[in-house]
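# got a predicted structure plus its sequence, pasted below:
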Amino acid sequence: MELVPGSNNPGGYDPMISGASSSAANIITGGASSSAGASFSSSPKAPSRYENQKRRDWNTFCQYLRNHRPPLSLGMCSGAHVLEFLRYLDQFGKTKVHNQTCLFFGLPNPPDQCQCPLRQAWGSLDALIGRLRAAFEEHGGKPEVNPFGARAVRLYLREVRDFQAKARGVSYEKKRKRPKPKGAQQLPAPDAN
């Protein structure tokens, strides 16, 4: 990923450089750079899609820290820096989130266009934080000092979820497990007469 210092964003780099194989938007969308003709049979076990995305996310966050002004080491990183990173990524979002003053606030399928901003979807941010939290610990970080598990980050994600649910007219309720169909229930043991 080509990250170049920039002057008009808080992270100090511009992911939208022409010729870059991926962008900061890929950290959220899970997009992978295409490599035509790549052979997966040469390695005994290729990393999973999740592992590849986690590696890309981690590399992007570390690049963000290096380009931060002043540069930050991972040990100095706090939940506040994670929040700054998430807000920076918001500019690459693809989800329309209506402002409270918008006529379409709360409508799941608005009938017309509006000027409300595109943002990162809550589910994408939640998945990103989960991957970065795991990557932090895989790189030797202690769970009790993990900035991705900070209370401020959890509260921010909850606020984003609640606001987007209201603004977009969608529900983010946890999915409940469906009961098994009656035909799939455990059969009684046969008699041993």
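The structure has been received and is ready for your questions. Since we're looking at a predicted model, the values are computed, not measured. Numbering: from 1, shown residues only.

# how much space between residue 159 and residue 152?
Per Cβ to Cβ, to the nearest Å, residue 159 is found 10 Å from residue 152. All C-beta spots, glycine's among them, are computed from the backbone N, C-alpha and C.

# same question, residue 86
To residue 152, residue 86 is 11 Å away according to Cβ to Cβ.

# kindly report the same for residue 107.
Taking Cβ to Cβ, one finds residue 107 at 31 Å from residue 152.

# can you check residue 99 too?
Distance from residue 99 to residue 152, by Cβ to Cβ: 24 Å.

# can you give me the buried ones in whichever helix or strand residue 87 is part of?
Assigned by DSSP states H and E, residue 87 belongs to helix 79-89. Neighbour-count burial for helix 79-89, counted by 16 or more other Cβ atoms under 10 Å, picks out 79, 81-83, 85-86, 88-89.

# now tabulate the residues you listed in CSV and tack on distance to residue 143 and pLDDT.
Formatted as CSV, the buried residues of helix 79-89 follow (distance: Cβ to Cβ, whole Å; pLDDT from 0 to 100):
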residue, distance to residue 143, pLDDT
79, 14, 94
81, 18, 95
82, 15, 96
83, 19, 96
85, 20, 94
86, 20, 95
88, 25, 91
89, 24, 92
